[in-house]
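*Asks:* Fold the following, please.
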Amino acid sequence: MLRRARRPPPRLLHRSLSSSPYDGTFNKLRAFPFRMSPEQAQREMAKWGSIINDGEKFIGSLLAPFVPFVDYQRPLRITPVYFPAWLVNAFIKAEVKHHDVKPTASIIFRNTFIPGAAVPLLSNAPLWPRDLDNREPEPFSEDMMTQYGQEVQCIPFNISPFSILDIAKTSEDPSWSITDGLKVTPQSIEPRLLSVSPILFPVYLAQYKTREREDGSGHDLVTMFIQAHSSDGIVMSELSEEFERIPGGVFEKLVSQSPAAGIAMFGDTTSRVGIGGLSLRPINEARDAICSWLDEYLDSYSDIQKLSSMGYLETDDDPRIRELTLEEQEGLTKYFEITAEIAMVRRIIRSMEETQNAKAVVLTISKGQLPHLEAADKAATTLKTKLKELEEAQKKALPEWWTEWRRSQGLESEVQDDLEE
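*Replies:* Here you go, the predicted structure:
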């Protein structure tokens, strides 16, 4: 049930943050364990902590990740945190305007990372690493609240994954502009399959002091954080004027910055948006445009706060909320792959039927057979048989929970779908 209430954003690096979701609220919750110790996290962040404090202990901080017995810049405080998020897998259709043509477009989202809470810095940081796409997190339990002998602070969920759809349906804008040549009608956005999974992602939050202020009144603080799902997580930081003091434009050359998010990334991060299929052409251009557009919104903390203001979930009883298991992912992958193959076969059949030359031949490649030439009309007949087989396979691959949910909403139980415009 969606509760129309709003939880205040928790304060980072504050002990009151450690309220646990291990209270039966989310039975499908899974978490990625900490694979990095607090000591290693501090060593990885040390050189950046040194830089903002006038290079204090710089040589030791530079060597800290590799040399055990060195003195390096340590934070004033460091805290292990579980950040809540939703992983979205969906097949969406919508009306678009694409270079003056108005097709119905289709898109498959795979493991798209949506923040589960509105928290400064963490909510609009590109935390999701694509090497976790095929890794199964562990069922969340209370003993996971202690890692490397430290209590983990767990940020509670205060964003519903369905709020994005609510925003689209209630939007007063006739269209959302993705690029000059690509616009979408928000009210037309319709999920043909939607799976959302609650997860907890591990990070270390740390605060470093900067060099002393020029008036001698003390130091400012800069918050840094590091992905802790593996031993080589990426360090990120809030943007600070102290970084601008690095001479020769070195900071700009070494570091990726997101001014909209107010974050510096000291390594290669990936888009939060995963796209597994798309009907628009050229596909690469359209995919990149959609990823950039959505990432822009996810960079904006004010937009994330809007999601939070629309309410949060009291439970995860909704059948569209799925536990993130490999079995669940494999079922979705099978359905999405069949859907994409249906679109490809239909496009080929349509191209053959548009061929005016009755004597046209095509090169046919079949599993278990050598490539051979075949009359276009005969090949089209073979493909139509294949298409029927795929459509039957698609029906069988459609998750039963989705069919049941549609029935509960008074919607058609079966929908034929593909990635064609």
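
*Asks:* Quick one: the helices in the stretch 151-300 of the chain, in order.
*Replies:* 163-170, 250-254, 283-299 (DSSP state H, counting those that start in this stretch).

*Asks:* of those helices, which approaches residue 106 most closely?
*Replies:* The closest of these to residue 106 is helix 283-299. By Cβ to Cβ, the value is 11.4 Å. C-beta coordinates here come from the backbone N, C-alpha and C atoms, glycine included.

*Asks:* Which secondary structure elements does the closest one sit against?
*Replies:* strand 104-115, strand 176-179, strand 182-184, strand 275-278 (3 or more Cβ pairs under 8 Å, 6 or more residues apart in numbering; DSSP states H and E).

*Asks:* I'd like a version of the ones you listed in JSON lines, one that adds mean pLDDT, distance to residue 26 and mean neighbour count as further columns.
*Replies:* Formatted as JSON lines, the helices and strands packed on helix 283-299 follow (pLDDT from 0 to 100; distance: least, Cβ to Cβ, whole Å; neighbours: other Cβ atoms under 10 Å):
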{"stretch": "strand 104-115", "mean pLDDT": "94", "distance to residue 26": "15", "mean neighbour count": "22"}
{"stretch": "strand 176-179", "mean pLDDT": "93", "distance to residue 26": "31", "mean neighbour count": "16"}
{"stretch": "strand 182-184", "mean pLDDT": "93", "distance to residue 26": "31", "mean neighbour count": "20"}
{"stretch": "strand 275-278", "mean pLDDT": "92", "distance to residue 26": "26", "mean neighbour count": "19"}
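
*Asks:* possible to save these as TSV with distance to residue 86?
*Replies:* Below are the helices and strands packed on helix 283-299 laid out as TSV (distance: least, Cβ to Cβ, whole Å):
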stretch	distance to residue 86
strand 104-115	4
strand 176-179	21
strand 182-184	21
strand 275-278	17
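
*Asks:* between the helices of the stretch 151-300 of the chain, which has the poorest average model confidence?
*Replies:* Lowest mean pLDDT within these: helix 250-254, at a mean of 64.

*Asks:* and residue 89, which of the helices of the stretch 151-300 of the chain is closest to it?
*Replies:* Here helix 163-170 is closest among the helices of the stretch 151-300 of the chain (Cβ to Cβ), at 13.9 Å.

*Asks:* And the contacts of the closest one?
*Replies:* Residues outside helix 163-170 that contact it (Cβ atoms under 8 Å, 6 or more residues apart in numbering): 114, 186-187, 189, 191, 306-307, 310-311.

*Asks:* Can you check these and name whichever has the most neighbours?
*Replies:* Neighbour counts for these (other Cβ atoms under 10 Å) peak at residue 307, which has 26 neighbours.

*Asks:* Can you read off the backbone torsions of that residue?
*Replies:* phi -60, psi -40 (degrees, to the nearest 10).

*Asks:* Turn the helices of the stretch 151-300 of the chain into JSON lines, columns for mean neighbour count and distance to residue 151.
*Replies:* Converted to JSON lines, the helices of the stretch 151-300 of the chain look like this (neighbours: other Cβ atoms under 10 Å; distance: least, Cβ to Cβ, whole Å):
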{"stretch": "helix 163-170", "mean neighbour count": "16", "distance to residue 151": "30"}
{"stretch": "helix 250-254", "mean neighbour count": "12", "distance to residue 151": "34"}
{"stretch": "helix 283-299", "mean neighbour count": "17", "distance to residue 151": "29"}
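
*Asks:* from the contacts of helix 163-170, which ones fall inside strands?
*Replies:* Members of those lying in strands (criterion: DSSP state E): 114, 191.

*Asks:* Adding distance to residue 68, write the contacts of helix 163-170 out as a markdown table.
*Replies:* Formatted as a markdown table, these follow (distance: Cβ to Cβ, whole Å):
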| residue | distance to residue 68 |
| --- | --- |
| 114 | 39 |
| 186 | 55 |
| 187 | 59 |
| 189 | 53 |
| 191 | 51 |
| 306 | 47 |
| 307 | 44 |
| 310 | 49 |
| 311 | 49 |
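
*Asks:* Can you give the domain ranges for this structure?
*Replies:* Structurally, the chain divides into domains by automatic domain parsing as follows: 2-318, 328-408.

*Asks:* Off-centre distance for the first one?
*Replies:* Here the centre of domain 2-318 is set off from its chain's centre by 9 Å, with Cα atoms, centre = their mean, to the nearest Å.

*Asks:* buried residues in the helix or strand hosting residue 50?
*Replies:* Using DSSP states H and E, residue 50 falls within helix 38-51. Within helix 38-51, the residues scored as buried using 16 or more other Cβ atoms under 10 Å are 38, 40-51.

*Asks:* mean confidence score for it?
*Replies:* 95.

*Asks:* Equivalent analysis for stretch 339-357, please.
*Replies:* Mean pLDDT, stretch 339-357: 77.

*Asks:* Dump that stretch to CSV, restricted to CA.
*Replies:* Coordinates of each C-alpha in stretch 339-357 appear next as CSV, following Å, rounded to 0.1, in the frame of the first residue of the first chain:
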residue,chain,number,x,y,z
THR,A,339,10.3,-10.0,-27.3
ALA,A,340,13.3,-8.6,-29.1
GLU,A,341,13.5,-11.6,-31.4
ILE,A,342,9.8,-11.3,-32.4
ALA,A,343,10.5,-7.7,-33.4
MET,A,344,13.4,-8.7,-35.5
VAL,A,345,11.5,-11.5,-37.3
ARG,A,346,8.6,-9.2,-38.0
ARG,A,347,10.9,-6.6,-39.5
ILE,A,348,12.5,-9.2,-41.8
ILE,A,349,9.1,-10.5,-42.9
ARG,A,350,7.8,-7.0,-43.7
SER,A,351,11.0,-6.2,-45.7
MET,A,352,10.5,-9.4,-47.7
GLU,A,353,6.8,-8.7,-48.4
GLU,A,354,7.7,-5.2,-49.6
THR,A,355,10.1,-6.8,-52.2
GLN,A,356,8.5,-6.4,-55.7
ASN,A,357,10.7,-8.9,-57.5
